[in-house]
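Student: sharing a model prediction with you, sequence too.
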Amino acid sequence: MIQIKTNAEVELMRVSALLVSATLTEVARFLRSGVTTMQVNELAEQFILDHQATPSFKNLYGYPYTTCISVNDAVVHGFPRDIPLKDGDIVSVDVGVYKNGFHGDSAYTFAIGAIPEASKALLRITKESLLKGIEKCVAGNRVGDISHAIFDHTEKKHGYGVVRDLVGHGLGRKLHEDPQVPNFGRKGTGSKLKEGMVLAIEPMINLGTKDVFHDADGWTIRTKDGMPSAHYEHNVCIRRQKPDVLSSFEGIEAAEKSNPNLDATYY
Ligand code: MG
Ligand code: MG
């Protein structure tokens, strides 16, 4: 069942979403070649605990960490590891926090040092597709309008692979609520968007094939052809006039641009 949030609940959700954005901003300041994704996980966990919140992912469905950190061909649900990052890596960091009874859930893909032009384009188009999906988040549209906007900009226009096995979702008192929000679909289909619905929109887009498989760790999802994958996620409240984006990339992008160890020239 789709939960409609009151205005007061949406404001609590904004606090949670912005705490995730602040966590990702800390990550953007910290990232460089040589740090391990386990160090990134520890930084994020401490930051969340320091802000009187708890990590949403840790122990959910048995997941053991605060963050999912997916490097290069890892799509999502990547286990933090003790392996150092290196120049040329792309790193998707997905974080959730639970505070005041509500979850926030956002993800961002970073480029460590200089990355190939093809990867830069993948990051740019994936981020653009998220914004195109968000544009459809107004009352009266349907979930399929969001799905189609993302698919059209990525697989149809640029030939990328849209992952079919993983989808965006409703967000609220639970991390995963109805409805599912696929990154592929037809206009005018699916649940009708109503004012006060909150969705986590999250294109997961592969440079090559759309097909993925489970790593031996049981969690990490990887592309079947070993090519890179990108992931950006925002939390959006459906409104009548225009979407209300509860999370923010502003601080993350500023930190990304002022970190000389990251490549922020892709958008
Ligand atoms: Mg997420
Ligand atoms: Mg999510």
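Tutor: Now that the structure is in, tell me what you want to look at. Model, not experiment: these values are computed from the prediction. Ligands and ions are numbered 1, 2, ... in the order given.
Student: rest of the way, CA atoms for contacts and neighbours
Tutor: Fine.
Student: what does the average pLDDT come to for the helix ranked longest in the chain?
Tutor: Longest helix in the chain by number of residues, with DSSP state H as the criterion: helix 7-30. The predicted model gives helix 7-30 an average pLDDT of 98.
Student: quick one: buried residues of that helix?
Tutor: Of the residues in helix 7-30, those scored as buried under the neighbour-count criterion (16 or more other C-alpha atoms under 10 Å) are 9-10, 12-30.
Student: after it comes which helix or strand?
Tutor: Next in sequence after helix 7-30, counting helices and strands by DSSP states H and E, comes helix 37-50.
Student: list the buried residues of that following helix.
Tutor: Neighbour-count burial for helix 37-50, counted by 16+ other C-alpha under 10 Å, picks out Thr37, Met38, Gln39, Val40, Asn41, Leu43, Ala44, Glu45, Phe47, Ile48.
Student: for the stretch 101-250 of the chain, just list every one of the strands.
Tutor: For the stretch 101-250 of the chain, applying DSSP state E, counting those that start in this stretch gives strands covering 102-111, 161-162, 168-170, 177-181, 198-201, 204-206, 212-214, 221-223, 229-231, 234-237, 244-245.
Student: dump those to a markdown table, plus distance to ligand 1, mean neighbour count and mean pLDDT.
Tutor: Below are the strands of the stretch 101-250 of the chain laid out as a markdown table (distance: least, C-alpha to the ion, whole Å; neighbours: other C-alpha atoms under 10 Å; pLDDT from 0 to 100):
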| stretch | distance to ligand 1 | mean neighbour count | mean pLDDT |
| --- | --- | --- | --- |
| strand 102-111 | 5 | 27 | 98 |
| strand 161-162 | 17 | 24 | 98 |
| strand 168-170 | 8 | 23 | 98 |
| strand 177-181 | 13 | 20 | 98 |
| strand 198-201 | 8 | 30 | 98 |
| strand 204-206 | 11 | 31 | 98 |
| strand 212-214 | 18 | 17 | 97 |
| strand 221-223 | 14 | 24 | 98 |
| strand 229-231 | 9 | 30 | 98 |
| strand 234-237 | 8 | 27 | 98 |
| strand 244-245 | 15 | 19 | 98 |
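Student: how about those in JSON lines, adding distance to Gly251?
Tutor: Listed next are these as JSON lines, based on distance: least, C-alpha to C-alpha, whole Å:
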{"stretch": "strand 102-111", "distance to Gly251": "12"}
{"stretch": "strand 161-162", "distance to Gly251": "28"}
{"stretch": "strand 168-170", "distance to Gly251": "23"}
{"stretch": "strand 177-181", "distance to Gly251": "26"}
{"stretch": "strand 198-201", "distance to Gly251": "19"}
{"stretch": "strand 204-206", "distance to Gly251": "22"}
{"stretch": "strand 212-214", "distance to Gly251": "32"}
{"stretch": "strand 221-223", "distance to Gly251": "28"}
{"stretch": "strand 229-231", "distance to Gly251": "18"}
{"stretch": "strand 234-237", "distance to Gly251": "14"}
{"stretch": "strand 244-245", "distance to Gly251": "14"}
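Student: burial of Val35, as a residue count?
Tutor: Neighbours of Val35 under the rule other C-alpha atoms under 10 Å: 15.
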